[in-house]
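> Any chance you could fold what I've pasted below:
(one chain, ligands or ions: 1)
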Amino acid sequence: MSGIPIKDEPVVVESYPPYGVTRRSFLFSSAGVAWATFSMAFGAGMASTLRFMLPNVLFEPPTSFKAGYLYEYAVGEVDERWKDKFGTWLVRTSDGMYALSTTCTHLGCIPNWLKNELKFKCPCHGSGFYATGVNFEGPAPRPLERYRIALDPNDGQIVVDKSKKFQQELGQWADPEAFLKA
Ligand code: FES
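All right, here's what the predicted structure looks like:
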């Protein structure tokens, strides 16, 4: 008689999901919620780790640029060709040139050059600057800044270096690098 299963003996059947647990009920069970939370936290952690490991590259505009040749600029003119791209006005005088920052020294707006009135006028709070960059009206507390300007020794082009600034109120406009002699 041995070896023959006794009737009504429970038979264990392996199954997944376990008997009585459907996928839908698993998803909404506390175990399902915990699993989903863990997965999201793990994913966010991996994303942060990847972000940390990848180089943090900032694409900023170059701080210096070539601006062509002196003879391309009219004497007595404020030239605006580099205003939008490099935030710089080039002012050609009878004896040379200087590079003016287009950033208002009040709160950083961009003034406009009013050719007929021979002045820069800031649209934000009304500051006015002469073509030299010196402030004369409105709340701007000091003149516009100038950038380093020189000629490239190889090709003779004008080079403006925005990484070096000169402030009139500190006596820095007298620096030879603040003015390009023609
Ligand atoms: Fe130019 Fe205020 S930002 S006057």
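> residues in contact with the nearest residue to residue 86 once chain neighbours are set aside?
Distances taken as Cβ to Cβ, 6 or more residues apart in numbering place residue 65 nearest to residue 86, at 5.4 Å, with adjacent residues excluded. Quick note: C-beta positions are derived from backbone N, CA and C, even for glycine. Applying Cβ atoms under 8 Å, 6 or more residues apart in numbering, we find residue 65 in contact with 82, 85, 86, 159, 160, 162.
> Against the ligand, how distant is residue 65?
Distance, residue 65 to the ligand, using Cβ to the nearest ligand atom, to the nearest Å: 24 Å.
> Kindly reformat the contacts of residue 65 as CSV containing pLDDT.
Shown next, in CSV, are those (pLDDT from 0 to 100):
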residue, pLDDT
82, 98
85, 96
86, 97
159, 98
160, 98
162, 98
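> Report pLDDT for the residue positioned nearest the centre of the chain.
The geometric centre of the chain, computed from its C-alpha atoms, lies nearest to residue 60 (Cα atoms, centre = their mean), at 5.7 Å. Per-residue confidence (pLDDT) for residue 60: 70.
> what does the one 10 residues further on give?
With respect to pLDDT, residue 70 scores 97.
> Setting aside sequence neighbours, what's the nearest residue to it?
Using Cβ to Cβ, 6+ apart, the nearest residue to residue 70 is residue 182, at 5.9 Å.
> shouldn't that neighbour be in contact with residue 97?
Yes: here residue 182 reaches residue 97: they are 7.0 Å apart, a contact under Cβ atoms under 8 Å.
> Quick check: neighbours shared by these two?
Shared contacts of residue 182 and residue 97, counting by Cβ under 8 Å, 6+ apart, come down to residue 70.
> the more surrounded of those two?
Set residue 182 next to residue 97 and count neighbours by other Cβ atoms under 10 Å: residue 97 wins out with 21 against 13.
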